[in-house]
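# pasting the sequence and the predicted model now:
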Number of protein chains: 2
Amino acid sequence: MSIIAGRAVPGTEGTIRAIDPSTNKALDPEFSKLGSAQVKEATEAAAKAFREYRATAPTDRAAFLDTIAEKIEGNREEIVERAMAETALPNARLTGEVGRTVGQLRLFAGVVREGNHHGVRIDPAQPERSPVPRLDIRQRRVPVGPVVVFGASNFPLAFSVAGGDTAAALAAGCPVIVKAHNAHPGTGELVGQAITEAAAESSMPAGVFSLVYGSGAEIGQQLAAEPAVSAIGFTGSRSGGLSLAATAAARTVPIPVYAEMSSINPVVMLDGALRSEGPGAQELAGQFVASLTGSSGQLCTAPGLVFVPTGEDGDAFVDAVSAGIEGKAGQTMLTQGIAEAFAKGVSALEDQQHAYTVGRGVTGEGENAPAPVVFSADLAELRSNPVLSNEVFGAASVILRYSDVDALAEALDELEGQLTVTLHATESDTDAANSLLPVLEDLAGRILFNGWPTGVEVGHAMVHGGPFPATSAPATTSVGSLAIDRFLRPVAYQSVPEGVLPEPVQDSNPWSLARQIDGKITRG
Amino acid sequence: MSIIAGRAVPGTEGTIRAIDPSTNKALDPEFSKLGSAQVKEATEAAAKAFREYRATAPTDRAAFLDTIAEKIEGNREEIVERAMAETALPNARLTGEVGRTVGQLRLFAGVVREGNHHGVRIDPAQPERSPVPRLDIRQRRVPVGPVVVFGASNFPLAFSVAGGDTAAALAAGCPVIVKAHNAHPGTGELVGQAITEAAAESSMPAGVFSLVYGSGAEIGQQLAAEPAVSAIGFTGSRSGGLSLAATAAARTVPIPVYAEMSSINPVVMLDGALRSEGPGAQELAGQFVASLTGSSGQLCTAPGLVFVPTGEDGDAFVDAVSAGIEGKAGQTMLTQGIAEAFAKGVSALEDQQHAYTVGRGVTGEGENAPAPVVFSADLAELRSNPVLSNEVFGAASVILRYSDVDALAEALDELEGQLTVTLHATESDTDAANSLLPVLEDLAGRILFNGWPTGVEVGHAMVHGGPFPATSAPATTSVGSLAIDRFLRPVAYQSVPEGVLPEPVQDSNPWSLARQIDGKITRG
């Protein structure tokens, strides 16, 4: 059931039920959908809670985030069980995702305690400066206001109700309204209850969190247009993200939409990596198949495009991929709709005259478990066949064969923006790697060497973003502690007396923050 | 004449001439307008120069910025003379603006040398971590690509060809294409030549800078749509900024528009400030009239709305404003169009039934020198008369009388976003000031105590931004060193070997940067 500012609220607009994707059968219970007046109420409760919440002390706000983590961990078994039924993801994956979710919340609790996100800068007065004295100017960042979060289908926990966007926004001092994902409504409810309990126990204003159920497109458009909403976090399809962005831009007061949308995560094999001094073709092919087929390929960072040199070593890689994927059983995908879109994407690749099928697995048990598949084509085909670089969400990938590094660099330069790009290289490839690095930097938010893009570490240095359409806001990240910047804006204080200045910019530095004084960073 | 990548290029699309606003007469010489193919050429030259320019060493890039400053300073007299003819701004103001412009360039040279903008974060590998080892992840920021800058009419130097946006973008590592402002084409040309000479002397790639002349709306739309352009900096009207933003959002690859657009800069008098323990009504009224009428009120930060308590002290303030403004002569405005828009805005205020004229100056000498004027109304009128809080660019302001601080806070909460908000207060007003502070923080980018918003210090802590419509991008500033963030985006490096890692994230820290290691800031 929806939660509006601490109260469970039945909706007035019909009901939905989760579907077990392995059987296509509906699961109990029903979840009622909110009417537009109810949705508005949630945003207004958030606006009302904003000033009280943003004034909470760092220790209290951090404790609130820690308490959410505790509540989720305390109910882990029930959450994982429900998520398994709603998503068909395996227990180990979901248990890991609980770990990542609570890890994120605790990371942001640490960020709140450390306080670097305040971005404090102080330019002290210079009364003697000529021709005019310099006045005292100080800067810190303040939260932007209520944030709406749309969770992802493929991460029912880590990118959902208490996922990265929620943790970052709460850490910044912004109330959060989560639109519950209709593919996992029960999982969302359990997590929403955990946050609600944590808010009550931590004496936070009730409007700090709401969870709203409704038809995705309609309620999404309403939330993006509600005047009380100040920013949006979204993980999902390109069309969904762009539609929210269009609505948000057309408001009387436009607001930012942080949408993580689309990526095919190119992986480049340089010569050395496939030769004997590197891991070799067999080993890399095995790693590739594992990265591609894990979670049925339903990861934003799944390797959808692999650049492999022509010649013997490249052939050996392709043969090993072929052998690795043959007979590999598909796993149930998240929803019937996703499985259908996958089939459509695969069919479009099959229709490419100049691409061929390297290998194909077999259909898995239960419904919606299509076979994983890998195609190959010559690099030159990429320019004339944009289908080869379209995102196919699921376990499908295209191997492109290149014969020289310049042509490879040109092809990479023409790709759309990506979340990740990966280089497999040994020391003998260093020159090529160095010449490619600027291309990779302009292409993606994260550059990996000798690894696989799936599996995103949640830390301070992570970037899960990149040029459009990887995200609508390339200057930010949706994973890692830098994500807090999305929900803050700078304010300068000129000649404000110590008794009125907020703590982070007071002379006495009561929060012991690292600060930039006259452009030089000083430790707190 | 336009400059494309170091070459003076005659345009193919007719000519424009500057107009002396004090006579409405055209000035020599003619400036030819570029055709669309020529405009495209400038953006493509920028794209071509991007990788070479972004790879320049910090010392070289900083020296380039310093050389631009030197060249401008070296030609100060000619620049000021031409700017006087084109804008009718007085010598002292323009000489000061040259100082601010070169100060900005040198500030950003310092930023490049200090290197805090790289935003380096390092999460070292933890091979022993269980259940999975942590990989080495490092983050720095890279420049976004070519930037187009649209200068302001009211700052022919500090917000124009070599203004804040240009300095910030060049410092970030982005080539710049400036659209020359048609109100001061000759001033723009002199500054553009200074940059071009500096680029050649500093051995920068020629495409690092271009200056293009054309019809504002057409060339603006083209520049916002050109695929080679990665970001836009704009200072000007709300309609101009929104039109660029709409074009930029509709591209295949949308790009950010950093538009500083509109602000009426509310000033609040609290009781104490007007009483004997404060500066008093006479003194504050004099300061207000000076702040309002300086540069004919043509400053983004001019005080367009003043909240004054009802009662004797407030009355004394209003009387003193009345006395101060009567007989005050108008100065020539920047263009005939601006003077006409001012007359229209003043006329709309005159039409307000519930507002009255506090005082009015006299028309100045020469053309386009309308009288400054101040109106007043009861605070309660604000809600029903949105005209009272419309921006009138020029020396017109509205005094609103309030009778209690709660009603004042409510009124401030309903205003649009502002560049600045100012409080005049003494110690006896501390409680009121503290209760208002969150309102002020949510309203504006800069909060001033006991000063006037005109006059923007260029330093590290300055924010010249604020909620929409003060700017289209409230998370950034267009003045001060934080502006460099507009033109950077983060990239993460996962397991990249030291021999391939860029300098800022190398273990050896060759640039001696302050860096965040595992979330803790360390000095370089």
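That came in fine, so what should we check first? Numbering: from 1, shown residues only, chains lettered A, B, ... in the order given.

# and the residue nearest the centre of chain A, what does it touch?
Nearest to the mean C-alpha position of chain A, by C-alpha atoms, centre = their mean, lies A:S478 at 4.6 Å. Applying C-beta atoms under 8 Å, 6 or more residues apart in numbering or on different chains, we find A:S478 in contact with A:159, A:164-165, A:233, A:235, A:258, A:260, A:464-465, A:471. Just so you know, the C-beta spots here come from the backbone N, C-alpha and C atoms, and that holds for glycine as well.

# so which of these are in strands?
Among these, DSSP state E puts A:233, A:235, A:258, A:260 in strands.

# from these, which is closest to B:A249?
Distance to B:A249 across those (C-beta to C-beta) is lowest for A:Y258, with 14.8 Å.

# which pLDDT value goes with A:G216?
A:G216 carries a pLDDT value of 78.

# thought it was touching A:P185?
No - with contacts defined as C-beta atoms under 8 Å, A:G216 does not count as touching A:P185, sitting 11.5 Å away.

# mind listing what A:G6 touches?
Counting by C-beta under 8 Å, 6+ apart, the residues that A:G6 touches are A:196, A:199-200, A:206-207, A:209.

# any idea how far the one residue in the stretch 201-350 of chain A that gets nearest to chain B is from B:V421?
Chain B sits closest to A:V253 of the stretch 201-350 of chain A, with a gap of 5.0 Å, by C-beta to the nearest C-beta. Here A:V253 is placed at a distance of 17 Å from B:V421 (C-beta to C-beta, to the nearest Å).

# more neighbours, the two?
Using other C-beta atoms under 10 Å in any protein chain shown, the more surrounded residue of A:V253 and B:V421 is B:V421, with 28 against 14.

# shouldn't that one be within a strand?
Yes - counting by DSSP: H, G, I helix; E, B strand; the rest coil, B:V421 is part of a strand.

# pull the contacting residues for the residue nearest to it when sequence neighbours are not counted.
Excluding the flanking residues, the one nearest B:V421 by C-beta to C-beta, 6 or more residues apart in numbering or on different chains is B:A444, at 4.1 Å. By C-beta under 8 Å, 6+ apart, the contact set of B:A444 is A:491, B:266, B:417-421, B:466-467, B:470.

# among these, which two are most distant?
Among the contacts of B:A444, the pair separated by the greatest distance (C-beta to C-beta) is A:V491 and B:P266, at 14.9 Å.

# ok so, going back, just the closest of the contacts of B:A444 to A:T15, please.
Nearest to A:T15 among the contacts of B:A444, counting by C-beta to C-beta, is B:P467 at 38.7 Å.

# what is the burial count for that closest one?
Using other C-beta under 10 Å, B:P467 has 21 other residues around it.

# ditto for A:G297
A:G297 is flanked by 26 other residues according to other C-beta under 10 Å.

# show the contacting residues for it.
Contact analysis of A:G297 by C-beta under 8 Å, 6+ apart lists A:372, A:393-397.

# quick one on the thing from earlier: phi, psi for the residue nearest to B:V421 please.
phi -140, psi 170 (degrees, to the nearest 10).
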